[in-house]
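**Student:** Here's my sequence, what's the structure:
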Amino acid sequence: MAWNYQSSLERIKQHVETLQDIEVEKLVREADLEGLLSETRCRQIYGAHTYVAVSNFSKLCSDGAYAGADYKRLIQGAHIYQREVARIVEGNSIFDGLRVHFQEPKLHALFYRPIDASEELASRALLLQLVVKDFVKNVFNPAFPHHDNFIVSAGSALGDVIGTRNGHRGDRELLCLGAPANYAAKIIGTWGSLRVDDRVYDALPGDLRDLRTVFATAINQPHLAGAFQRVRDDFPTPEDLDDDPATAPSKRVLQACRSYRKVLHGTIAARGIGIEAMRRECPHFRDWLERLEALAPDWLFTPPLFPGALRRLSRSRVLLPE
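**Tutor:** From the prediction side, this is the model:
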């Protein structure tokens, strides 16, 4: 049936006239959002939003490498990926999250239970990123050796959104309106990076925020976080570890992880930890930076013409870079 301008205008007017008042209340107890929300019954929902994207999926679909049966296997892989990741998100015994939707293989997940429990919600958002990344690397990719590996990136943000259901007739899907849902999608970085906003980072418990945990995760050896912590506890600052060529920090890491490569993994870990954390923990490094900054002209720190994009990147934390 052809679309008609006047008919469309009349339908819109009729729908506006018959639409009931919009009800927006704060979600104060745990509920099934699928059954609670409607076009007019909305809720203010405090939660953690996580987007997980297969960063290289568009390239896999468009680089010409897949044709015939190979293309079918790629589509089959995408279907299975969505199904298994949805099970990870919605499993009651682990994450108890809500799969808002998939856009191609890009997942939008929401964690809102327990109500207003910032630490628990932030932890689940971050841990989902790590679990999906591990699942793709160690389970999914080996199961599909005939196409290139999926590479996942993710972003998480915490805060309030308005939840509603939107769509046509019986086909209505959950819709989250608000900055956290939008921001989590925007801070997804380059291939393989995991990012969180400051609100997620600040809400995380110490063991997930800890610099040693970030370093151990960045070199793909999260089980070594405890060992790194014990070494760090023996010295006043990280700089004091570098007290002898035979026991330099890189030598200590090599003792625990023979696959460690200083230039590669050290750079990844440094980007994951971030310069502000280094300032706090390393006084000599901080003094050196302050001397450099004192030499720089004032215009170097003037906000650029496009401050919005810069603010988005500067406020996000790279917990596991590419």
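
**Student:** Need the residues that contact stretch 37-46.
**Tutor:** With contact meaning C-beta atoms under 8 Å, 6 or more residues apart in numbering, stretch 37-46 is reached by 19-27, 33, 36, 110, 112, 115-116, 121, 159-166, 172, 174, 176. (Glycine included, C-beta is placed from N, CA and C.)

**Student:** Please convert the buried members of those into PyMOL selection syntax.
**Tutor:** Selection command for PyMOL covering only the buried members of the contacts of stretch 37-46, criterion 16 or more other C-beta atoms under 10 Å:
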select buried, resi 27+33+110+112+121+159+161+162+163+164+165+174+176
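
**Student:** Low-confidence regions, the stretch 1-150 of the chain specifically.
**Tutor:** Residue ranges of the stretch 1-150 of the chain with pLDDT under 70: 1, 63-69.

**Student:** Can you flag which of the contacts of stretch 37-46 belong to strands?
**Tutor:** Counting by DSSP state E, the part of these found in strands is 23-26, 110, 159-166, 172, 174, 176.

**Student:** quick one: the strands in the stretch 101-250 of the chain?
**Tutor:** Using DSSP state E, counting those that start in this stretch, the strands of the stretch 101-250 of the chain run over 106-111, 152-168, 171-177, 194-197.

**Student:** Make JSON lines out of these and add distance to residue 58.
**Tutor:** What follows is these, written out as JSON lines (distance: least, C-beta to C-beta, whole Å):
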{"stretch": "strand 106-111", "distance to residue 58": "10"}
{"stretch": "strand 152-168", "distance to residue 58": "13"}
{"stretch": "strand 171-177", "distance to residue 58": "23"}
{"stretch": "strand 194-197", "distance to residue 58": "19"}
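
**Student:** Now for the residue nearest to residue 185 when sequence neighbours are not counted: which residues touch it?
**Tutor:** Among residues not flanking residue 185 along the chain, residue 51 sits closest, at 4.6 Å (C-beta to C-beta, 6 or more residues apart in numbering). The contact partners of residue 51, taken as C-beta under 8 Å, 6+ apart, are 106-109, 154-156, 184-185, 188.

**Student:** Of the ones in strands among the contacts of stretch 37-46, which pair is most distant in space?
**Tutor:** Spanning the widest gap among the ones in strands among the contacts of stretch 37-46 are 159 and 172, at 24.1 Å by C-beta to C-beta.

**Student:** hmm, back to that, and the residue nearest to residue 185, that one's in a strand?
**Tutor:** Yes: with DSSP: H, G, I helix; E, B strand; the rest coil as the criterion, residue 51 is part of a strand.

**Student:** Could you list everything it pairs with in the sheet?
**Tutor:** Beta-bridge partners of residue 51, counted by DSSP bridges, are residue 108, residue 155.

**Student:** quick one: the most centrally placed residue in the chain from residue 163, how far?
**Tutor:** Nearest residue to the geometric centre of the chain (C-alpha atoms, centre = their mean): residue 155, 2.2 Å. Distance, residue 155 to residue 163, by C-beta to C-beta, to the nearest Å: 19 Å.

**Student:** Understood, closing this out.
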